[in-house]
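Enquirer: predicted model and sequence follow; I will ask about them next.
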Amino acid sequence: MLRAENITKRFAGVTALENVCLEFQAGKVNAVIGENGAGKSTLMKILSGVYPDYEGRILYKGKTVRFSSPREAQDGGIAIIHQELNLIPYLSITENVFLGRELTTSWGTLDKKAMRARTQQLLDRLKLAVSPDTLVAELKVGQQQVVEIAKALLIDSEVIIMDEPTSAISESEVEVLFSIIADLKKSNKTIVYISHKLDELFKMADRFVVLRDGKSIESGEIRGMTHDDIIRKMVGREVQTIRRQTRIENIKPLLTVKDLCLKHPVRTQENLLKNISFHVDRGEIVGIFGLMGAGRTELLETLFGLHPKRSHGTVFLDERKLTVRKPADAIDAGLALVPEDRKKDGLVLGLDVRTNISLTNLKSLEQSGFLNKTKEIALAKKYVADLKIKTSSEKQLAQNLSGGNQQKIVLSKWLATHPKLLMLDEPTRGIDVNAKNEIYKLILQLAGEGMGILVVSSELPEIMAISDRILVMSEGSLTSELSVDASEDEILKAAIPQTI
Amino acid sequence: MQISLQTYRPALLKFQSLIALLILCLTIGLLSDKFFTVANGWNVLRQISVNVCISVGMTLVVLTAGIDLSVGSVLALSGAIAAGLLRNGIELPASNLYIGFTVFGAIVAGLLTGSVLGWFNGWAITRFKLPPFVATLAMLTIARGLTMLWTEGFPITGLGDSFTFLGTGWLLGIPLPVWISGGIVLVVVLLMDQTRFGRYVYAIGGSESAARLSGVNINRIKMLVYTMAGGLAAVGGLLVTSRLDSAQPNAGTSYELDSIAAVVIGGTSLSGGRGSILGTVQGAVIIGVLNNGLVLLNVSPFWQQVVKGIVILLAVIIDKSSSRND
């Protein structure tokens, strides 16, 4: 039905996909499996017309196609249901289903009756028992997903791509989704199903394709495969080691966390963090691995005082109990957080390098109410030199620097607070290899000087390369604590959610 | 080409309104011989001093990516409170108590009124996460209504020479309102450039989440900013009231628009984080010179409004195109 031949896609020096070849068959559920960053979403974006620029060719129903926009792909019969749903909350189901494809009467006005009737048919077929006039905002996430599927069916899509469809819905909704998928299969649709929940795939999928590091590794029938087979195919690469050889053992703990919980902002009976307990020693690098949505970022944010009202638990730093109500408390106590979204949360892009570096530290640069600019410039210059930040001067705007150098500014502003514990969330995301290695070296050096380091990453090689100890999170719980000698299989097994 | 634009853009951005002002002055000067006179110069500066006071506060608010629509009404109420207390004092009928106010006391009361209203804006915005547009729109009506109640719809006049000196007097050959607005500009420029507070204002406007993660107390800074905007509107109110020797119930109507215009023409981005007090002062001077010039050239007041609107449009278009390559 849909074949990709030798697809290669590059982003500014990074190869996201390399010679990917695969085939999706009609009337089957075709699973795409791979770690975070394996290239799954890039591939789907190419298939659905979001990225028209790529090398290689796509064969659809035997003909070469190249979609230049999502609309063109939809008209051709390929629909994608994104992880974040693309519905407009304050329009009704009918209005959403027909958005951009409204039916009109011979007068040129909207043919509301016909659209409503057609929507009703689709909802009946998908067994969603709500009125087509219901506002999408009033639907549960699972029901909204069904509306997305209705949209795909309206335009007679032959291929329906689902990106992590079960990541945000409840168990009973998953059952409904699966029965819909089974129906679609019967009517000979091609389902492309992306998920890292292996249990689901064994239940649902007919065929699989494994992507790893942007390459298609293997494909075939899922029957006869075991969990371990699949995990081995997902991982299968040698680990590079930058790991430290020497480490002082058994120093007293720097950070101790006991029973940390965080409630979901809306569904308050649900916990995003479930009784998390762990510790970090002085001079120790603890890596936290987990798949998307495991609660890694939330853990760091909670420790840093971003969710004081929704969280509870006890935290000790240097054997003193911490009460962190806001980031300022965390900073005073000696915590620092390099956030995941560098451009939004890490930096003020429109301000210069100097102002960004000093932002966390202005109190110490104050003299009788006024900022001491000489001191401030000296501080910025020191870090620009120490971290080898490539910038024309400390007066350059942060937005004009490369990703790696921006990340070094974020590190600088936190190092300037002389933290006891440095928390890093995806510290090398979107950064080139050289800057990556420099940042690893810096992390090792800081740990060597006695700083505690907590690194969150979704890149296994990164976690394995720099950590002294690895914690694995899955669905808000700490599922495993592993030594650095653990195999990739072990880590990934602990990270994959067990519930469906 | 790319490189030279990058290098000169900061300079161009900094001086774009100054360049516009120069061109404007030269044009008007060529068309009218009354423009380049000392008397007219002081006249323009005195006329804009009220807008400068308000616009300095507005700049702070806009830099945090907010807006304050209530400044005109706050100006009116502050002026009216000061005038009313000065003229009539407070009588407490229950205890037969009468409290009279000196000029100083009345001024303090006026300033306090503005600051409290501004504080209330900030409280509503930070406590209930209201959009600043909505919170200050509500305050616009509330303060106007309170002004009507306080004045019972009539001007309060006969405030005495020592009070009217504030708006009409001269000191060392310079009109007093110019001293006052100039002093305010100086203090706030220092505040923005040399203190933690100023940095935090820019950081909040540039990226509120980054500022929060850096330990900045967002709510406290915003409260301060709105309180200052209210207090500065009150200064404007005292100047207006004192110059006219009268607190008009409808004083300051649509002043918020003039001050937003000054801020925007001065190159401050309405999405926050970028701009300066001195830019705003230039914006206010441009509007003042434009008004003055159009009057000198006998342009109809209706056309004056059209021209002012076009200038605002042009200013924003230039601002947009100069920041597009970011």
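Expert: It's in. Residues are numbered from 1 along each chain as shown, chains lettered A, B, ... in the order given.
Enquirer: what sits up against stretch B:22-38?
Expert: B:40, B:286, B:289-290, B:292-293, B:296-297 (CB atoms under 8 Å, 6 or more residues apart in numbering or on different chains). All C-beta atoms are positioned from the backbone trio N, CA, C, and that covers glycine.
Enquirer: can you get me a residue count around the closest residue to A:Thr104 other than its chain neighbours?
Expert: Leaving aside its sequence neighbours, A:Thr104 sits nearest to A:Asp111 (CB to CB, 6 or more residues apart in numbering or on different chains; 5.7 Å). The number of residues packed near A:Asp111 is 16, by other CB atoms under 10 Å in any protein chain shown.
Enquirer: nearest residue to the middle of chain B?
Expert: By CA atoms, centre = their mean, chain B has its centre lying nearest to B:Ile54, at 1.4 Å.
Enquirer: does that residue count as helix, strand or coil?
Expert: Recorded secondary structure, B:Ile54: helix (DSSP: H, G, I helix; E, B strand; the rest coil).
Enquirer: just to check, it is in contact with B:Ser70?
Expert: No - counting by CB atoms under 8 Å, B:Ile54 does not reach B:Ser70; the two are 10.8 Å apart.
Enquirer: mutual contacts of those two, please.
Expert: B:233, B:256.
Enquirer: surely A:Glu301 and A:Ser311 touch.
Expert: No - using CB under 8 Å, A:Glu301 is not in contact with A:Ser311; the gap is 9.2 Å.
Enquirer: mind listing what's buried along the helix or strand hosting B:Val316?
Expert: Using DSSP states H and E, B:Val316 sits in helix B:301-323. Neighbour counts over helix B:301-323 (16 or more other CB atoms under 10 Å in any protein chain shown) mark B:304, B:308, B:311-312, B:315-316, B:318-319 as buried.
Enquirer: A:Glu366: neighbour count?
Expert: 15.
Enquirer: tell me the contacts of the residue nearest to it when sequence neighbours are not counted?
Expert: Among residues not flanking A:Glu366 along the chain, B:Arg196 sits closest, at 6.2 Å (CB to CB, 6+ apart). Contacts for B:Arg196 (CB under 8 Å, 6+ apart) come out as A:362-363, A:366, A:371.
Enquirer: B:Ser207: which of the residues you listed is nearest?
Expert: A:Leu362 (16.1 Å; CB to CB).
Enquirer: so the closest one sits against B:Phe197, correct?
Expert: No - applying CB under 8 Å as the test, A:Leu362 and B:Phe197 come out as separate, 9.5 Å apart.
Enquirer: and those two? which has more neighbours close in?
Expert: A:Leu362 (21 against 18).
Enquirer: ok, that one to chain B distance?
Expert: Distance, A:Leu362 to chain B, using CB to the nearest CB, to the nearest Å: 4 Å.
Enquirer: give the buried residues for the helix or strand of chain A with the lowest mean pLDDT.
Expert: Using mean pLDDT, DSSP states H and E, helix A:227-235 stands out as the lowest-scoring helix or strand of chain A, at a mean of 77. If you call a residue buried by 16+ other CB under 10 Å, then helix A:227-235 has these buried ones: A:230-231, A:233-235.
Enquirer: and what of stretch B:22-40?
Expert: Quick answer for stretch B:22-40 (16+ other CB under 10 Å): B:24-25, B:28, B:32, B:35, B:40.
Enquirer: got it, and stretch A:440-458?
Expert: Quick answer for stretch A:440-458 (16+ other CB under 10 Å): A:440, A:442-444, A:446-447, A:451-458.
Enquirer: just to revisit the earlier point, could the buried residues of helix B:301-323 go into a markdown table alongside distance to chain A and pLDDT?
Expert: Shown next, in a markdown table, are the buried residues of helix B:301-323 (distance: CB to the nearest CB, whole Å; pLDDT from 0 to 100):
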| residue | distance to chain A | pLDDT |
| --- | --- | --- |
| B:Gln304 | 35 | 84 |
| B:Lys308 | 29 | 83 |
| B:Val311 | 25 | 82 |
| B:Ile312 | 23 | 80 |
| B:Ala315 | 19 | 76 |
| B:Val316 | 18 | 76 |
| B:Ile318 | 18 | 74 |
| B:Asp319 | 14 | 67 |
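Enquirer: out of these, the closest to A:Ser412 would be?
Expert: Nearest member of these to A:Ser412, counting by CB to CB, is B:Asp319, at 31.0 Å.
Enquirer: residues from chain A in reach of chain B?
Expert: Contact residues (CB under 8 Å from any CB of the partner chain) of chain A with chain B: A:304, A:306, A:326-328, A:330-332, A:337, A:339, A:344-351, A:355, A:358-360, A:362-363, A:366, A:369-371, A:373, A:399-400, A:413.
Enquirer: give me the neighbour count for residue 287.
Expert: Because you didn't say which chain, this covers chain A. A:Gly287 has 25 nearby residues by other CB under 10 Å.
Enquirer: right idea, wrong chain: chain B
Expert: Using other CB under 10 Å, B:Ile287 has 23 neighbouring residues.
Enquirer: who touches it in this structure?
Expert: Contact analysis of B:Ile287 by CB under 8 Å, 6+ apart lists B:48, B:51, B:258, B:261-262, B:265, B:308, B:311.
Enquirer: per-residue pLDDT, it?
Expert: What the model reports as pLDDT for B:Ile287 is 88.
Enquirer: helix, strand or coil for it?
Expert: helix.
Enquirer: which parts of the stretch 151-300 of chain B are strands?
Expert: B:156-157, B:170-171, B:174-175, B:246-247 (DSSP state E, counting those that start in this stretch).
Enquirer: just name the most buried of those strands.
Expert: Mean neighbour count (mean count of other CB atoms under 10 Å in any protein chain shown) peaks for strand B:246-247 among the strands of the stretch 151-300 of chain B, with a mean of 24.
Enquirer: show me the shaky parts of the stretch 151-300 of chain B.
Expert: Residues of the stretch 151-300 of chain B meeting the criterion pLDDT under 70: none.
Enquirer: TSV for the buried residues of helix B:301-323, including distance to A:Cys21?
Expert: Shown next, in TSV, are those (distance: CB to CB, whole Å):
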residue	distance to A:Cys21
B:Gln304	70
B:Lys308	65
B:Val311	61
B:Ile312	58
B:Ala315	56
B:Val316	52
B:Ile318	52
B:Asp319	50
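Enquirer: please enumerate the strands of the stretch 1-150 of chain A.
Expert: Going by DSSP E, counting those that start in this stretch, the stretch 1-150 of chain A shows strands at A:2-11, A:14-24, A:29-33, A:55-60, A:63-65, A:78-81.
Enquirer: please name the residues that touch residue 235.
Expert: Since you didn't name a chain, this refers to chain A. Counted by CB under 8 Å, 6+ apart, A:Val235 has contacts A:35, A:212, A:460, A:488-489, A:492.
Enquirer: wait, chain B was what I had in mind.
Expert: B:53, B:111, B:114, B:180, B:184.
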